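Trainee: prediction below, plus the sequence it came from.
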Amino acid sequence: MADNLSTESGTGLSQVVESPTVKRPATGFVFTEGPLWHPDGYLLFVDIRRSLIFRLVPDSQPEVIREDSGGANGLTFDLQGRLIMCEGDHRRVTRMEEDGKVMPIAERWQGKRLNRPNDVVCRSDGSIYFTNPGGRIDPADREISFSGVHRITPNGRVTAVIRDMEYPNGLAFSPDERILYVANSRQHMHISAYDVKPDGTVTNGRVFADMSSDEPEGVPDGMKVDTAGQVYCTGPGGCWVFDPSGNHLGTIRLPEVPANCAWGGPDQRTLFFTARTSIYSMRMKTPGTRVPGAGGN
């Protein structure tokens, strides 16, 4: 399938979009999320509502690689190339070993059970950051009073680096990993930016980009960054693109509203979108940053 791209502010997107052609390599799902390109040449993604993780080889049919995934959402790799999963229903972050066994790597912070881990990124020092919103938990079952971002240190300790967000969702690092971007998905729809200190903590939180909109569908959600520092965040009406200063270049509109995106292809210039019932892809001019465990930047 190929559709023409439409934009709400077309001129700015000309510097990032190579072709207006939108491809749909797979469809027929309930709610797709968590896209992640594997260096062996295929896309991983989840169907949250059915608690499934899929592998999609180009020009092939998607294949289930994990059932009963605990509501797996965000995916990434650790430095050893092992799959890291945010299991929202199971309220934990897990790792898939080479033999397929799933091991929990974060279930509690200071003895308190996690909320609902949502999205996850790995830094080149081996630490793993994940969002932990609490808005979809019965108050009686909630043990952590804030919604925030946690870090799993290289030695496995779970810390809290952000404690004051309304509903943290997608997150991504700048190309030099000195800035952590976090999307807020509820009343105050925006992307926050934080300076990352050498010890892995963050400081100087500020609004990077406002994503308020009258669009009827979509919230700030999954996010990726290209090697030029441009930020791509799925949100109201499509995928919003910002320059490194937070200026809105335009919104990529797809046949369905996307919830997340991921760089892939041999040259990292194909941007894959998980959008409701389907997977879509487009070619971009600038390569995306690579997941550290998938080959480095």
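Mentor: Arrived safely, thanks for sending. On a predicted model such as this, the values are computed, not experimentally measured, just so you know.
Trainee: C-alpha only now, for contacts and for neighbours.
Mentor: Will do.
Trainee: find the least confident helix or strand in this structure, judged by mean pLDDT.
Mentor: Least confident helix or strand of the chain, by mean pLDDT, DSSP states H and E, is strand 6-7 with a mean of 50.
Trainee: can you pull the pLDDT of the nearest residue to A294 once chain neighbours are set aside?
Mentor: Counting by CA to CA, 6 or more residues apart in numbering, the nearest residue to A294 once its immediate chain neighbours are dropped is P39, at 5.7 Å. pLDDT recorded at P39 is 95.
Trainee: low-confidence ranges in the chain?
Mentor: 1-11, 295-297 (pLDDT under 70).
Trainee: for the spatially most central residue of it, which residues are in contact?
Mentor: By CA atoms, centre = their mean, the chain has its centre lying nearest to G222, at 3.9 Å. G222 makes contact with D119, N169, G170, L171, A183, C233, T234, A259, N260, C261, according to CA atoms under 8 Å, 6 or more residues apart in numbering.
Trainee: how close does the last one get to A275?
Mentor: When CA to CA, to the nearest Å is the yardstick, C261 and A275 sit 9 Å from each other.
Trainee: which of these two has more neighbours?
Mentor: Neighbour count, other CA atoms under 10 Å: between C261 and A275, C261 has more, with 27 against 24.
Trainee: which helices and strands does the helix or strand hosting the more buried one pack with?
Mentor: Here C261, judged by DSSP states H and E, is contained in strand 260-264. Packed against strand 260-264 by the contact rule (3 or more CA pairs under 8 Å, 6 or more residues apart in numbering; DSSP states H and E) you find strand 32-38, strand 223-225, strand 231-235, strand 270-275.
Trainee: if you compare these, which one is most tucked away?
Mentor: Mean neighbours per residue, mean count of other CA atoms under 10 Å, is largest over the helices and strands packed on strand 260-264 for strand 231-235, with a mean of 29.
Trainee: neighbouring strands - and their directions - for it?
Mentor: Using DSSP bridges, strand 231-235 pairs in its sheet with strand 223-225 (antiparallel), strand 238-242 (antiparallel).
Trainee: just send the ones you listed back as a markdown table, with distance to I279 too.
Mentor: Shown next, in a markdown table, are the strands paired with strand 231-235 (distance: least, CA to CA, whole Å):
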| stretch | distance to I279 |
| --- | --- |
| strand 223-225 | 16 |
| strand 238-242 | 14 |
